[in-house]
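J.: Coordinates for the following, if possible.
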Amino acid sequence: MSEAPPTVMHKLAYECNWNGIIKRLETHPDEALQFTDDPTWMEQDGECLPEDDLITGTTLAPIHVLVSRRDVPINVVEAYVQNQPKSIQLLTDQLRYPLHLACYSKASLEVIQFLAQADPNTLVPQEAWYGWNVFHICTNYGTEENVMSMLLNVAGRHRTTVALGSKDNYGSTPLIHGCKHSAQITKTDFALLFQASTIENLERPLLEELSRNYGSYLNGALKLKPPPKTAVSNSVPSPYCNPKRSLSVESFWLWRPMDSLMLWRCMHKMLVVLGAANDSLLPTYPLLHECIRQDPHCNTFFFHCILSLNPHYAYQADTNGDLPLHVAARVAENTKEWQNRLTRIVVSYPKGASIANTQGKLPLELLQDVSWDHMRLLVRCCPVAGAIETEFTRITLCQCDGQVGTEGALQYHLYYFEGNACLV
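T.: As a prediction, this is how the structure comes out:
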């Protein structure tokens, strides 16, 4: 089968000859719907080059070339679609609508809005190359301000649910793409995507994705050397850092400004996922509490980074009077990771082990089915007399196989495991 040659309108669109296209629409309107699969006509020495991976070597109508030009005027696109309304639904051989290509090329808000409103159904389909819909594209390539909110409004509730729940060829939704450090999505747009996504149990996969993508930056912020004598960057420290930042955290901003920016982006995305999307909520929002409630395997870096940047979170109580230590004790598992986590919180705020919540429960009373190693530090920091008649004592008595009475169970356990290091 012979190749279909390009029309004059194809070349006018490629050359960004806007007036020529409008005149050609009047004299040869049929060209607006004709395709070409001959890539040899494209000149590679002009200033207005389309993205090679968007239109080179693919089956194209003139409108596909037109909207791939980032600076295409809105009046030209309007004239084209008004002359040939069906052009809005034309597909390349990679199943890309004009709206797909406009989002790929970061066209203006006006152009993208016009295409989306002309046929909102084009917001949902996925192109063939990556399996991306419009929201995947905007998340990865970035958009002008207000484009994301406009697309969500145009899509409506049903289309938004379908589009944001769609997985690409690698199994990722637009929001999963937004969790990657390579995503071009802004803070505001990430929060919009998260709020518009109605997928259940979303927090864990998003935190897992953040851990995979930002783990090295989070880990790097916790393993730092003293700051240099002279600053190498004028970057402003993260607003999520405690005003009394440690020297090691300061050195992260001084020595590694780009990594610090990544850390800042990660912290914001994590705040959105955990529920504190508004920066003004940070002083009182139980951020560490929410982080602890998540699966420990996906946010260990988050836990350590939050506590390192903001040590005061260790003695922050939520509306139930729970300290982070209460929350950790309630959900702790009998693993080394949870043992280290409990230890970190107790070391940050030893007094917390002896503070009861509004139900009168000490952190020690909330531990269940864990080893003595998990209890050890809490017992050291908690008055023994206040824990003798607790559920912990009964658990301890069972572990002692009835060798001592209830009153002496805790003392026996301390004596046995700590070499007579009893606190009573």
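J.: Which residue, other than its chain neighbours, is closest to Gln113?
T.: Beyond its immediate neighbours in the sequence, the residue positioned closest to Gln113 (Cβ to Cβ, 6 or more residues apart in numbering) is Met150, lying 5.4 Å away. C-beta here means a position set from N, CA and C on the backbone, and glycine is covered the same way.
J.: from what I can see the one you found touches Ile112, true?
T.: Yes: applying Cβ atoms under 8 Å as the test, Met150 and Ile112 come out as touching, 7.5 Å apart.
J.: Counting neighbours around each, name which of these two comes out higher.
T.: The residue with more neighbours, out of Met150 and Ile112 and counting by other Cβ atoms under 10 Å, is Ile112; that gives 26 against 18.
J.: Who are the packing partners of the helix or strand harbouring the more buried one?
T.: When secondary structure is defined by DSSP states H and E, Ile112 falls within helix 109-118. Contact here means 3 or more Cβ pairs under 8 Å, 6 or more residues apart in numbering; DSSP states H and E; on that basis helix 109-118 packs against helix 74-83, helix 98-104, helix 147-165.
J.: Which of these has the highest mean neighbour count?
T.: For these, the stretch with the most neighbours on average is helix 98-104, a mean of 28; neighbours defined as mean count of other Cβ atoms under 10 Å.
J.: ok, back up a step: would JSON lines of the helices and strands packed on helix 109-118 with mean pLDDT and distance to Glu208 be doable?
T.: Supplementary listing: the helices and strands packed on helix 109-118 in JSON lines, determined by pLDDT from 0 to 100; distance: least, Cβ to Cβ, whole Å:
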{"stretch": "helix 74-83", "mean pLDDT": "95", "distance to Glu208": "41"}
{"stretch": "helix 98-104", "mean pLDDT": "94", "distance to Glu208": "27"}
{"stretch": "helix 147-165", "mean pLDDT": "93", "distance to Glu208": "18"}
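J.: a markdown table for these, including distance to Cys382?
T.: Putting these into a markdown table (distance: least, Cβ to Cβ, whole Å) gives the following:
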| stretch | distance to Cys382 |
| --- | --- |
| helix 74-83 | 68 |
| helix 98-104 | 57 |
| helix 147-165 | 47 |
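J.: which is the next helix or strand following the stretch of helix or strand Phe301 belongs to?
T.: For Phe301, the enclosing helix or strand under DSSP H and E is helix 300-309. Once the chain leaves helix 300-309, the next helix or strand it forms, by DSSP H and E, is helix 324-331.
J.: The next helix or strand after that following helix - contacts with which helices or strands?
T.: Next along the chain after helix 324-331, taking DSSP H and E as the criterion, comes helix 336-348. Applying 3+ Cβ pairs under 8 Å, 6+ apart, one finds that helix 336-348 makes contact with helix 300-309, helix 324-331, helix 372-381.
J.: buried sites along helix 336-348?
T.: Neighbour-count burial for helix 336-348, with 16 or more other Cβ atoms under 10 Å as criterion, is recorded at 338-339, 341-342, 344-346, 348.
J.: pLDDT and distance to Ser308 added to the residues you listed, as CSV?
T.: Listed next are these as CSV, based on pLDDT from 0 to 100; distance: Cβ to Cβ, whole Å:
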residue, pLDDT, distance to Ser308
Trp338, 86, 19
Gln339, 87, 19
Arg341, 86, 13
Leu342, 88, 17
Arg344, 85, 10
Ile345, 88, 12
Val346, 88, 16
Ser348, 85, 10
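J.: Can you pull the phi/psi pair for Pro5?
T.: Dihedral pair for Pro5: phi -70, psi 160, per degrees, to the nearest 10.
J.: just Leu60 next, same as before
T.: In terms of degrees, to the nearest 10, the main-chain angles of Leu60 are phi -130, psi 140.
J.: and it, how many neighbours does it have?
T.: 31.
J.: Next: Gly321.
T.: 14.
J.: does it really touch Gly352, like I thought?
T.: No: in this structure Gly321 lies outside contact range of Gly352 using Cβ under 8 Å: 11.6 Å.
J.: Please report the distance of the most centrally placed residue in the chain from Arg293.
T.: Residue closest to the mean C-alpha point of the chain, counted by Cα atoms, centre = their mean, is Cys179 at 3.1 Å. Separation of Cys179 from Arg293 (Cβ to Cβ, to the nearest Å) stands at 19 Å.
J.: got any ranges where the stretch 151-300 of the chain has weak pLDDT?
T.: 199-201, 223-255, 278-283, 296-298 (pLDDT under 70).
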